[in-house]
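Novice: A predicted structure for the sequence below; I have some questions about it.
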Amino acid sequence: MRFIGSRGQRYDIAGLNGGPFSARVPQPRRPHGVGRLARTCLTLFACSAVVLAAAAPASAATPRSTGAPGAPTNVTAIAGEGSATVRWQAPASTGSSPIASYAVTAIPGGRELTTAGPWLVATFDGLTDGTGYTFTVAATNAQGTGPSSTASTSVTPSHPGGQYHALAPYRICDTRPNNPSKLAGTDAQCSDKTLGPGTVLTIDVAGTNPSGTTAGGVPQSGATAVALNVTATATTAGSYLTAWPASHAQPTASSLNWHAGETVANLVQVPLGTGGQVSFYNANGAADLIVDVAGYVAASPSGQAGLYQALTPYRVCDTRPDNPSNLAGTDAQCAGKTMKPGGVLTVAVTGTAPSGGSAPGVPASGVASVVLNVTATDTTSASYLTVWPAGDPQPTASSLNWTAGATVPNRVVVPVGSGGEVSFYNHLGDADLIVDVGGWYTDGTSSSATGSYFSGVSPSRVCDTRPNNPS
């Protein structure tokens, strides 16, 4: 490093790999230099990067950093369940010795968490869900504790997931002309709103109920996510549909995909966005959209209802002749019962277990709803299938849609009805039905019930095997 200085002037050189250093520019020996600024050059090799600052005259002491550290900066917090993760940046001045620890203080309450330096992150546990907190951080070295940082923005710890509440399905959107589903009130919000290419449709979900009623739907407040059966029909081009929480950035993801002329359905679980709404995007061509609500996730869990119990999938119904799935016991209940046009088939789901095995199945009691994979095959006409809790009125909703000759599956989450049974309706033609169980939700009657909460996230793509990474 090279610098130029005037005579009698001292300079400090602070290095990344050494130092600090002090140097004095010597008086020049030229006799005619009296009263003139002499210039000289000094080269040091002790550091790889330097900062020069003019110091006091030669008679003054070189200034040094002394005492406790300064205040940490850029304190941020992310809430968790009864906790918050706090991050910060080190002080601009560490004082005259290395930082030994940081103290994180939660406000309100004044609880303090100490973490060893040089770590710049800490998780603060034992917070109260539903209460807003800010956090300050102070650094300590051998000379003492420095000033506290500016407080973080407020965050509110809460349970990250919720309990699922299955509903008898009901329709809240049908974009087809002339309202063929005969919807009323908010449920008629999509009438005559066929989606064009590149079109986004945002619909209300929270606060809706089955048409003609004031209850039995998604509450106006307290719901964080919903399960929707979404159907695209009257499609004019190959396209895809993306569903995501309203007001969030549109994700790179697809919920349905179709060829021109197809009618395609899929069960979509999606968080609610601003105002309890969900948005839908159609990429190409025109398409009509039909949306049926299957259930919702409630925030602030309490009790033991709505906890998910996953199962290794097993078959409880196959209507094809000659029992090709080799089912036994209750699981063979549908053998040879091909569905006819306008036919209803009621299937026992609770109290079942995998045929010929010892793996657990859906218990006989304590069950609110079940997760099914339902497949229609050997279809002789374009038709649709409705699934609902046995004993309830048949709703205006569809779970599967197909054309003649197609084999179509879909995931269905449905409450169990009378006797732990579920009903299926086939509209037109013949169709064989195959029903596999994937899991169930608790009904809260057992205080010792366990299971998983549901946490909804805006969809994102994690895999695309196509060449050249089109996503």
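Specialist: Nice, thanks for sending it over. Residues are numbered from 1 along each chain as shown.
Novice: how many other residues sit next to the closest residue to residue 113 other than its chain neighbours?
Specialist: In this structure, residue 113 finds its nearest non-sequential neighbour in residue 104, 4.5 Å apart by C-beta to C-beta, 6 or more residues apart in numbering. Placement of C-beta: from N, CA and C, glycine included. Counted with other C-beta atoms under 10 Å, residues neighbouring residue 104 total 26.
Novice: name the element residue 104 belongs to?
Specialist: For residue 104, the enclosing helix or strand under DSSP states H and E is strand 101-107.
Novice: Measure how the next helix-or-strand element following that strand sits relative to strand 101-107, angle-wise.
Specialist: Following strand 101-107 in sequence order, the next helix or strand is strand 112-116 (DSSP H and E). Here the directions of strand 112-116 and strand 101-107 differ by 160 degrees (axes from the mean of the first three to the mean of the last three C-alpha atoms, to 10 degrees).
Novice: and strand 112-116, which strands flank it?
Specialist: Counting by DSSP bridges, the strands paired with strand 112-116 are strand 101-107 (antiparallel).
Novice: Work out the gap between the strand it pairs with and the centre of the chain.
Specialist: 29 Å (C-alpha atoms, centre = their mean, to the nearest Å).
Novice: Give me the mean pLDDT for it.
Specialist: Strand 101-107 shows a mean pLDDT of 95.
Novice: Only C-alpha atoms, please: export it in PDB.
Specialist: The C-alpha coordinates for strand 101-107 follow below in PDB (Å, rounded to 0.1, in the frame of the first residue of the first chain):
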ATOM      1  CA  SER A 101     -22.700 -12.800  23.300                       C
ATOM      2  CA  TYR A 102     -26.000 -11.200  22.300                       C
ATOM      3  CA  ALA A 103     -29.100 -10.700  24.500                       C
ATOM      4  CA  VAL A 104     -32.500 -10.800  22.700                       C
ATOM      5  CA  THR A 105     -35.400  -9.200  24.600                       C
ATOM      6  CA  ALA A 106     -39.100  -9.800  23.800                       C
ATOM      7  CA  ILE A 107     -41.600  -7.000  24.200                       C
END
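Novice: Could you report the neighbour count for the nearest residue to residue 277 once chain neighbours are set aside?
Specialist: Nearest residue to residue 277 in three dimensions, chain neighbours excluded: residue 246, at 3.6 Å (C-beta to C-beta, 6+ apart). If you count neighbours by other C-beta under 10 Å, residue 246 ends up with 20.
Novice: any weak-confidence spans in the stretch 51-200 of the chain?
Specialist: The model of the stretch 51-200 of the chain has pLDDT under 70 over residues 51-66, 160.
Novice: Strands of the stretch 151-300 of the chain, start to end?
Specialist: For the stretch 151-300 of the chain, the strands defined by DSSP state E, counting those that start in this stretch occupy 163-174, 199-204, 223-233, 239-245, 256-258, 264-271, 277-282, 288-298.
Novice: Which strands border the shortest one, and is each parallel or antiparallel?
Specialist: Here the strand partners of strand 256-258, with direction, are listed using DSSP bridges: strand 239-245 (antiparallel).
Novice: So which bits of the partner strand are buried?
Specialist: 239, 240, 241, 242, 243, 244, 245 (16 or more other C-beta atoms under 10 Å).
Novice: And for stretch 270-277?
Specialist: Under the neighbour-count criterion of 16+ other C-beta under 10 Å, stretch 270-277 has 270, 271, 272, 273, 276 buried.
Novice: isn't the fourth one right up against residue 279?
Specialist: Yes. Counting by C-beta atoms under 8 Å, a contact exists between residue 273 and residue 279, whose distance comes to 7.0 Å.
Novice: what residues are shared contacts of the two?
Specialist: 244, 245, 246 (C-beta atoms under 8 Å, 6 or more residues apart in numbering).
Novice: ok, so of these, who is nearest residue 118?
Specialist: residue 245 (38.5 Å; C-beta to C-beta).
Novice: Apart from its neighbours in sequence, what residue is nearest that closest one?
Specialist: Nearest one to residue 245, counting by C-beta to C-beta, 6+ apart, is residue 273 at 3.3 Å.
Novice: swap in residue 384?
Specialist: Nearest to residue 384 is residue 398, by C-beta to C-beta, 6+ apart, at 4.2 Å.
Novice: you'd agree that neighbour is up against residue 294?
Specialist: No. Residue 398 is not in contact with residue 294 according to C-beta under 8 Å; the separation is 11.4 Å.
Novice: Show me whatever sits in contact with both of these two.
Specialist: Common neighbours of residue 398 and residue 294 (C-beta under 8 Å, 6+ apart) are residue 229.
Novice: Check the buried residues of strand 239-245 against residue 369 and report the nearest one.
Specialist: For the buried residues of strand 239-245, the minimum distance to residue 369 (C-beta to C-beta) is 21.1 Å, reached by residue 243.
Novice: which ones are touching the closest one?
Specialist: Residue 243 sits in contact with 228, 230, 255, 268, 270, 278, 279, 280, 459, where contact means C-beta under 8 Å, 6+ apart.
Novice: what's the pLDDT at it?
Specialist: 96.
Novice: what comes up buried for stretch 143-153?
Specialist: So stretch 143-153, judged by 16+ other C-beta under 10 Å, has buried residues 146, 148, 149, 152.
Novice: okay, these in TSV with secondary structure and distance to residue 261 next?
Specialist: Converted to TSV, the buried residues of stretch 143-153 look like this (DSSP: H, G, I helix; E, B strand; the rest coil; distance: C-beta to C-beta, whole Å):
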residue	secondary structure	distance to residue 261
146	coil	70
148	coil	66
149	coil	62
152	coil	55
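Novice: ok, so of those residues, who is nearest residue 175?
Specialist: residue 152 (44.8 Å).
Novice: is it true that that closest one touches residue 107?
Specialist: No. The pair residue 152 and residue 107 fails to qualify as a contact (C-beta under 8 Å) at a distance of 9.4 Å.
Novice: Find the residues that touch each one of these two.
Specialist: Joint contacts of residue 152 and residue 107 (C-beta under 8 Å, 6+ apart) are 134, 135, 136.
Novice: Just the ones in strands from these, please.
Specialist: Those of those mapping onto strands are 134, 135, 136, per DSSP state E.
Novice: most neighbours, which of these?
Specialist: In these, the most neighbours by other C-beta under 10 Å go to residue 135, 25 neighbours.
Novice: Return the set of buried residues in the top strand by length along the chain.
Specialist: In the chain, taking DSSP E as the definition, the longest strand is strand 305-318. By 16+ other C-beta under 10 Å, the buried positions in strand 305-318 come out as 305, 306, 307, 308, 309, 311, 314, 315, 316, 317, 318.
Novice: Extract the C-alpha trace of it and format it as PDB.
Specialist: Output of strand 305-318 as PDB, limited to C-alpha atoms (Å, rounded to 0.1, in the frame of the first residue of the first chain):
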ATOM      1  CA  ALA A 305     -61.500 -32.400  15.700                       C
ATOM      2  CA  GLY A 306     -60.200 -32.100  12.100                       C
ATOM      3  CA  LEU A 307     -56.900 -33.900  12.700                       C
ATOM      4  CA  TYR A 308     -55.600 -35.900   9.700                       C
ATOM      5  CA  GLN A 309     -54.700 -39.500   9.900                       C
ATOM      6  CA  ALA A 310     -52.900 -40.700   6.800                       C
ATOM      7  CA  LEU A 311     -53.300 -44.400   5.700                       C
ATOM      8  CA  THR A 312     -51.500 -46.700   3.300                       C
ATOM      9  CA  PRO A 313     -54.100 -46.600   0.500                       C
ATOM     10  CA  TYR A 314     -56.500 -49.600   0.300                       C
ATOM     11  CA  ARG A 315     -59.600 -50.400  -1.800                       C
ATOM     12  CA  VAL A 316     -63.100 -50.500  -0.300                       C
ATOM     13  CA  CYS A 317     -65.200 -50.700  -3.500                       C
ATOM     14  CA  ASP A 318     -64.900 -52.100  -7.100                       C
END
